[in-house]
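1. need coordinates for the following:
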Amino acid sequence: MEEDLRNLIKKFIEQQKTGMASPLLVVLGPTASGKTALSIEIAQQFGGEIISADSRQVYRHMNIGTDKISVEARHGVPHHLLDVADPDERFTVADFKAQAEMAIDDILARGKLPILTGGTGLYIRAITENFDIPAENREVRAQLIEELEKIGPDALYEKLKKLDPGSAAKIHPKNPRYVVRALEICMTTGHPKSDAKKTPKYQCLQIGLSWPREALFERIHRRIDEQIEHGLIDETKQLLSLGYSKNLPSMNTLGYKEIVAHLDGMMTLAEATEELKQNTRNFAKRQMTWFKRDQGVIWIKAN
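-> The predicted structure follows:
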């Protein structure tokens, strides 16, 4: 860890002790940027525990495809919000926020430093900006899903732009699940989802890992090759054999959906691997677009 970063974290912790605030360190960045390794190093030096902010690492049995850190690689650092749901369970932002805050508060109560680490921007902002997340309205959701099937994702996204332009600006048009949820909140509460914030609960220091684009892409390619080598195909087969449908939201994610297409005979392994690399590069670019909107992030050049 660079000396400047070490001093920054040390100063942040000392300031929070003086002010009797609730400190929360956040390590964020695009996929394959090295967040996990840095967060472990910080935890070891400053007595921290890690809360995963990854929307897929919450699922059991999904280890290689989500690049979930092994128990051995954690080097004794406690990790939270890993393996807390089955792949066919519905796990929402509200579920994450409730469980993450419970873990953070427990870590603080024991005098440790909570380190929120991950690349799911919505999860991170739900904590740092203390989103007020309404309970699900299944009736409204069902109506929106029916409407989605009739008019398509583009038209539904246009509806969101009219009702809640703030949320629409932050949600990718090709992510119908997030579009439906934003519309559900807006239609249920009468207020835009983008207004669903309260006073922040924690004093946050957000550290972002930045890479030159080509270097990040090379890391992505190398990691995907390692995932294939270490058993991503067998892991996908095992999930299917356990009865988890390929149509589940958890299975319709990077790594698994491409391998499922290969297993279904829709493409060769080489084609599936190349598509996974392309999709992951696009995902990393969307992550950076999301994170760059937050002026509170202190970016450091990774090495």
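2. can you pull the contacts of residue 302?
-> Contacts for residue 302 (C-beta atoms under 8 Å, 6 or more residues apart in numbering) come out as 29, 33-34, 38, 209-211. Every residue, glycine included, has its C-beta placed from N, CA and C.
3. oh, I was asking about residue 301
-> When contacts are taken as C-beta under 8 Å, 6+ apart, residue 301 is in contact with 210-211.
4. circling back: please flag which of the contacts of residue 302 sit within helices.
-> Of the contacts of residue 302, the ones assigned to helices by DSSP state H are residue 38.
5. among the contacts of residue 302, who's most crowded?
-> In terms of neighbours by other C-beta atoms under 10 Å, the contacts of residue 302 top out with residue 29 at 26 neighbours.
6. so the nearest residue to that residue once chain neighbours are set aside versus residue 51, what's the distance?
-> Counting by C-beta to C-beta, 6 or more residues apart in numbering, residue 209 is the residue found nearest to residue 29 once chain neighbours are left out, at 3.6 Å. As for residue 209, its distance to residue 51 is 17 Å (criterion: C-beta to C-beta, to the nearest Å).
7. ok, residue 166 next?
-> Shown here: residue 166 relative to residue 51, a distance of 27 Å by C-beta to C-beta.
8. send me the helix or strand containing residue 147 as PDB with only the CA atoms.
-> When elements are assigned from DSSP states H and E, residue 147 belongs to helix 138-151. Extracted as PDB, the C-alpha positions of helix 138-151 are listed here (Å, rounded to 0.1, in the frame of the first residue of the first chain):
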ATOM      1  CA  ARG A 138     -46.000  -7.000  -5.800                       C
ATOM      2  CA  GLU A 139     -49.200  -5.800  -7.400                       C
ATOM      3  CA  VAL A 140     -47.600  -2.800  -9.100                       C
ATOM      4  CA  ARG A 141     -44.600  -4.900 -10.000                       C
ATOM      5  CA  ALA A 142     -46.800  -7.500 -11.700                       C
ATOM      6  CA  GLN A 143     -48.500  -4.800 -13.700                       C
ATOM      7  CA  LEU A 144     -45.100  -3.300 -14.800                       C
ATOM      8  CA  ILE A 145     -43.800  -6.700 -15.800                       C
ATOM      9  CA  GLU A 146     -46.900  -7.300 -17.900                       C
ATOM     10  CA  GLU A 147     -46.500  -3.900 -19.400                       C
ATOM     11  CA  LEU A 148     -42.800  -4.600 -20.100                       C
ATOM     12  CA  GLU A 149     -43.800  -7.800 -22.000                       C
ATOM     13  CA  LYS A 150     -46.300  -5.800 -24.100                       C
ATOM     14  CA  ILE A 151     -44.400  -2.600 -25.000                       C
END
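9. which residues does it contact?
-> Applying C-beta under 8 Å, 6+ apart, the external contacts of helix 138-151 come out as 156, 176, 180-181, 183-184, 187-188.
10. again, only using 7 Å
-> 156, 176, 180, 183-184, 187-188 (C-beta atoms under 7 Å, 6 or more residues apart in numbering).
11. can I get those residues in CSV including neighbour count?
-> Rendered in CSV, the data for these read as follows (neighbours: other C-beta atoms under 10 Å):
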residue, neighbour count
156, 21
176, 19
180, 20
183, 25
184, 22
187, 16
188, 16
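12. residue 249: which of these is nearest?
-> residue 176 (10.6 Å; C-beta to C-beta).
13. pLDDT below threshold where in the stretch 151-300 of the chain?
-> Within the stretch 151-300 of the chain, the set of residues satisfying pLDDT under 70 comprises 194-197.
14. which stretches in it count as helices?
-> With DSSP state H, counting those that start in this stretch as the criterion, the stretch 151-300 of the chain has helices at 153-163, 165-168, 176-189, 213-229, 232-241, 256-263, 269-292.
15. for this protein, what's the longest strand?
-> strand 203-210 (DSSP state E).
16. does anything pack onto that strand? Which helices or strands?
-> The elements that strand 203-210 packs onto, with contact taken as 3 or more C-beta pairs under 7 Å, 6 or more residues apart in numbering; DSSP states H and E, are strand 23-28, strand 297-301.
17. then the first one to PDB, C-alphas only?
-> In PDB, the C-alpha atoms belonging to strand 23-28 read as follows (Å, rounded to 0.1, in the frame of the first residue of the first chain):
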ATOM      1  CA  PRO A  23     -16.600   5.700  10.200                       C
ATOM      2  CA  LEU A  24     -17.100   3.600   7.100                       C
ATOM      3  CA  LEU A  25     -14.300   3.000   4.600                       C
ATOM      4  CA  VAL A  26     -15.400   2.200   1.000                       C
ATOM      5  CA  VAL A  27     -13.200   0.500  -1.600                       C
ATOM      6  CA  LEU A  28     -14.800   0.600  -5.000                       C
END
